[in-house]
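Visitor: After the sequence you'll find the predicted model.
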Amino acid sequence: MLQTCRRAKEEIGDTWIGQVFFSFEDPKTMLDILTASLPGTLSKMRHLRVLGDPLRLSYEDDDVYYRLASTLRLLPGLRLDTLTVLGAPPNQVSHDTLNGLISESCGWKELRYISDSSEVLGFPRLEALHSDDEVKKHRYWRKPQPAHWQSVLEDRDGACSRPSVAIYRSTVSGCHGSVMNVNTRERFEQRTPEHPETREAFGITEDAGLVADGERDKEIMFIIKRGTGVNYEQKNDSRFIESDIRRDMPGKSWKEIRYECIDSIFADNDDSLLLSYDEDDEGTAEIDAYDDVVEYMWPPSRFLTEC
């Protein structure tokens, strides 16, 4: 309508941007589209959803998997009302991605993080190999939730601003989307052990109640709200975080980063494929099918190799 009716375009302008629910299949696609948008567009967006896959960049000596908190650092001006993330496996990485979003990311007022498995809060501690750093060695060591993340958010925003972390768990196993329905979900909380030794041992072994048959496949949704009055806009000059693309590729735009760390790496392998490519054989375009804009579908095959 905006392209065919001049009056509608003049009256509506770009106000529609704040009314639209933007959905991206992965962080790379999100960066491709949003970094190419007109100046000022990011600050007008209010609702966005993206799959929580790490972004892989290939350097000369190694591949690095950046979590979503680092990816969002490349979108200065972003100030969403709601950011929805569909957590990607393995569950240890999904948990780490959410932890980074809560402790380090900006650009959102409310975060809705959805996992298709309760194991995201029930996996046993996984120790990183070849690491003498205790923090990095025990990176995949979960804490009682939401108490731990609530304390992290209060330290960040101030307890007086009343930030909040709430967890909802589906009551139905293997039913995608059930955690969004108030009739098929319930509040969930892991109790913090009172005894010091028991508290220190939390998360070392798996939580049998969350990974048992009929329990593992229950969806979990985390709703995190920043504190009142907190400036949550993603700043262009924000501080570096632990794993930061801007520090590893200083002064580079996303277009330059993509060319150096994604496109050029696979250029030689792609040449042979392009020679046999038939432009008329593009297959059938996929179309999302849903009745409500907040509905979602988990990708049929989601996997990671090394993270």
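Guide: Everything's here; your move.
Visitor: the bottom helix or strand of the chain by mean pLDDT?
Guide: In the chain, no helix or strand scores lower on mean pLDDT, DSSP states H and E than helix 267-275, which sits at a mean of 54.
Visitor: Can you identify each of the strands in the stretch 51-200 of the chain by residue range?
Guide: 55-58, 63-66, 80-86, 108-115, 164-170, 185-187 (DSSP state E, counting those that start in this stretch).
Visitor: Mind checking these for the one nearest to P146?
Guide: P146 lies closest to strand 164-170 among the strands of the stretch 51-200 of the chain, at 4.0 Å (C-beta to C-beta). C-beta: built from backbone N, CA, C; applies to glycine.
Visitor: End to end on stretch 204-217, go ahead and measure it.
Guide: 21 Å (C-alpha to C-alpha, to the nearest Å).
Visitor: what does that stretch contact?
Guide: 116-119, 121-125, 141, 173-174, 190 (C-beta atoms under 8 Å, 6 or more residues apart in numbering).
Visitor: how about low-confidence regions in the stretch 51-200 of the chain?
Guide: 128-138 (pLDDT under 70).
Visitor: would you list every one of the helices in it?
Guide: 68-72, 91-104, 134-137, 147-157, 196-200 (DSSP state H, counting those that start in this stretch).
Visitor: among those, which is the most enclosed?
Guide: helix 68-72 (a mean of 24; mean count of other C-beta atoms under 10 Å).
Visitor: Can you name every helix or strand that it contacts?
Guide: In this structure, helix 68-72 packs against helix 27-34, strand 55-58, helix 91-104, with contacts taken as 3 or more C-beta pairs under 8 Å, 6 or more residues apart in numbering; DSSP states H and E.
Visitor: how about these in CSV, adding distance to D248?
Guide: Listed next are the helices and strands packed on helix 68-72 as CSV, based on distance: least, C-beta to C-beta, whole Å:
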stretch, distance to D248
helix 27-34, 15
strand 55-58, 8
helix 91-104, 16
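Visitor: looking at the ones you listed, which is closest to E186?
Guide: When these are ranked by proximity to E186 (C-beta to C-beta), helix 91-104 comes first, at 19.7 Å.
Visitor: how distant is that closest one from the center of its chain?
Guide: 8 Å (C-alpha atoms, centre = their mean, to the nearest Å).
Visitor: count of residues packed around F21?
Guide: By the measure other C-beta atoms under 10 Å, the count of residues near F21 is 13.
Visitor: measure it to L111 for me?
Guide: 15 Å (C-beta to C-beta, to the nearest Å).
Visitor: Also V230?
Guide: For V230, the distance to L111 - C-beta to C-beta - is 13 Å.
Visitor: Looking at the two now, which is surrounded by more residues?
Guide: Set V230 next to L111 and count neighbours by other C-beta under 10 Å: L111 wins out with 21 against 16.
Visitor: now that one: how far from L80?
Guide: 9 Å.
Visitor: Quick one: the helices of the stretch 51-200 of the chain as CSV, columns for distance to L31 too.
Guide: CSV is the format used below for the helices of the stretch 51-200 of the chain (distance: least, C-beta to C-beta, whole Å):
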stretch, distance to L31
helix 68-72, 7
helix 91-104, 16
helix 134-137, 26
helix 147-157, 25
helix 196-200, 40
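Visitor: Brilliant, that's me finished.
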